[in-house]
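Asks: okay, here's the prediction I keep looking at, along with the sequence it came from:
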Amino acid sequence: MVDENRVVRIFENLVKIYSPSYRERTLADYIKSYVEAMGFLTYEDETGLAIGSDTGNLIVTIPGNAGGSSILFASHMDTVEPARGVEPIIEDGIIKTGGQTILGADDKAGIAAMLELISVLAGKSISHGPIHLVFTVAEEVGLEGAKNLDLSDKHIDFAYVLDSNGKIGNIVVSAPYQDSFVVEYKGKAAHAGLAPETGINAIAAASNAISCMRLGRIDEETTANVGVIEGGRAGNIVPDKAKVIAEARSINLVKLEEQSDRMIDCFKKGAQEVGAEVSIQRYRPYEGYSATENDEVVRRAIDALDRLGIPHRLIKSGGGSDTNVFNAMGINAVNLGMGAEYVHTTEEYVPVAELKNLANLLVELVKA
Ligand SMILES: [Zn+2]
């Protein structure tokens, strides 16, 4: 059964290992030796080479010892900074740091629970169907590990990503599609005092475009933002270049495409108004997903939580995670709360009780 002291010890070991995006080697080696010591095989894919990381995604496949669905769990190995020299402190049942670094519970709380599951499985006390454990690289820099993962030779019925902040019991049933834009305006430089009429102001083009668009919360499913604007060299030069980086997100693909099309119209109009040229790159960093209580992947999570006496909450996320990528591969996946709060800050913490709850949830989910 789940051992609280053991899962806390694993978690402490994990967070002390420095593992920023593209530098997950030491952490991956720790996970490999843990899994292998428990008698299971690990496989590392070629993603490291493809994305310039020193590590690939790790995959552990555990055959079932009974009938039952095939279940996948996933956590990412990389963390954001500052993460060098994490020293976990346990106080009143809360694990945190002294405030100099993040804790890295995002996503090492998920990894700790997966390794605890491995320990429980090694004890051979439960019957379960086939289990796949995936430890991805480079999640924080654009889901790069998951995007390079090839699961096409595996049969997977349900996938649970352990990477949502907040309590165990949170089930993220939907997350948005996103479009990103890199827009470059090209005008014509001129002396701003002597001959402004011979110039074409690229910043004015960008500013016309931005003032034409609706930004912020568009509706309850859709948001849009201009996040970067760059351009110009000096106050006395009509600027010939300006660059804008923007995005739009929606849980609803039709609404996303409408919003993105409107933004592109504005980007073009801004250029036309001053006679500048514009180049627009539009790309989709990830697809969205949406599930309901009636989907079995959600139903099973709710049932497992019920059996543990943990209340559940269905949540709509505003951000992307590896879950989006699994769904795009055609795998039924949701993202689960892994217990951490204030992730990506030096205030990050996770309660010991939540680490234990998460490990218990994984054990409950795999029981045949
Ligand atoms: Zn994360």
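Replies: That came through, no problem.

Asks: secondary structure element for residue 300, which one?
Replies: Taking DSSP states H and E as the definition, residue 300 sits inside helix 296-308.

Asks: how many residues are close by residue 284?
Replies: Using other Cβ atoms under 10 Å, residue 284 is surrounded by 13 other residues. C-betas here are computed from N, CA, C, even on glycine.

Asks: what's the helix holding residue 300 packed up against?
Replies: strand 158-164, strand 170-175, strand 333-337, helix 352-366 (3 or more Cβ pairs under 8 Å, 6 or more residues apart in numbering; DSSP states H and E).

Asks: centroid-nearest residue for this structure?
Replies: Centroid-nearest residue in the chain, with Cα atoms, centre = their mean: residue 321, separated by 2.8 Å.

Asks: list of residues touching stretch 222-239?
Replies: 176, 185, 187-193, 196, 199-203, 206, 210, 213-218, 241-252, 255-256, 259, 263, 318 (Cβ atoms under 8 Å, 6 or more residues apart in numbering).

Asks: just stretch 316-323 next, same as before
Replies: 74, 76, 136, 139, 143, 145-146, 159, 161, 163-164, 172-176, 178, 223, 249, 251, 285-286, 289, 333-335.

Asks: intersect those residues with the contacts of the ion.
Replies: Contacts with the ion within these, counted by Cβ under 5 Å from the ion: residue 163.

Asks: just the buried subset of the contacts of stretch 316-323, written out for PyMOL, thanks.
Replies: In PyMOL syntax, the buried subset of those is picked out as below (16 or more other Cβ atoms under 10 Å):
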select buried, resi 74+76+136+139+143+145+146+159+161+163+164+172+173+174+175+176+178+223+249+251+286+289+333+334+335
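
Asks: tell me the domain ranges of the chain?
Replies: The record's domain parsing of the chain by automatic domain parsing lists 4-174+288-366, 177-286.

Asks: now for the residue nearest to residue 70 when sequence neighbours are not counted: which residues touch it?
Replies: With sequence-adjacent residues excluded and distances taken as Cβ to Cβ, 6 or more residues apart in numbering, residue 70 is closest to residue 130, at 4.2 Å. Residues near residue 130 by Cβ under 8 Å, 6+ apart: 61, 62, 63, 64, 68, 70, 71, 155.

Asks: if we use 7 Å, what do you get?
Replies: 62, 63, 64, 70 (Cβ atoms under 7 Å, 6 or more residues apart in numbering).

Asks: now which of these would you call buried?
Replies: So, by 16+ other Cβ under 10 Å, the buried ones in the contacts of residue 130 are 62, 64, 70.

Asks: out of those, list just those in helices.
Replies: Per DSSP state H, helices hold no members of those.

Asks: using CSV, lay out the residues you listed together with pLDDT and distance to the ion.
Replies: As requested, the buried ones among the contacts of residue 130 are arranged in CSV below (pLDDT from 0 to 100; distance: Cβ to the ion, whole Å):
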residue, pLDDT, distance to the ion
62, 96, 24
64, 95, 28
70, 97, 24
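
Asks: ok, so of those, who is nearest residue 84?
Replies: Comparing the buried ones among the contacts of residue 130 against residue 84 with Cβ to Cβ places residue 62 closest, at 33.4 Å.

Asks: shouldn't the closest one be in contact with residue 131?
Replies: Yes. Using Cβ atoms under 7 Å, residue 62 is in contact with residue 131, at 4.3 Å.

Asks: now the element after the longest helix along the chain, going C-ward?
Replies: Looking across the chain with DSSP H, the single longest helix is helix 253-274. Proceeding N to C from helix 253-274, the next assigned helix or strand is strand 277-286, under DSSP H and E.

Asks: what mean pLDDT does the helix or strand just after that next one have?
Replies: Next in sequence after strand 277-286, counting helices and strands by DSSP H and E, comes strand 289-290. Strand 289-290 shows a mean pLDDT of 96.

Asks: quick one: list the elements packing against strand 289-290.
Replies: strand 170-175, helix 322-328 (3 or more Cβ pairs under 7 Å, 6 or more residues apart in numbering; DSSP states H and E).

Asks: got TSV for these, with distance to residue 47 and mean pLDDT too?
Replies: Shown next, in TSV, are the helices and strands packed on strand 289-290 (distance: least, Cβ to Cβ, whole Å; pLDDT from 0 to 100):
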stretch	distance to residue 47	mean pLDDT
strand 170-175	22	97
helix 322-328	12	97
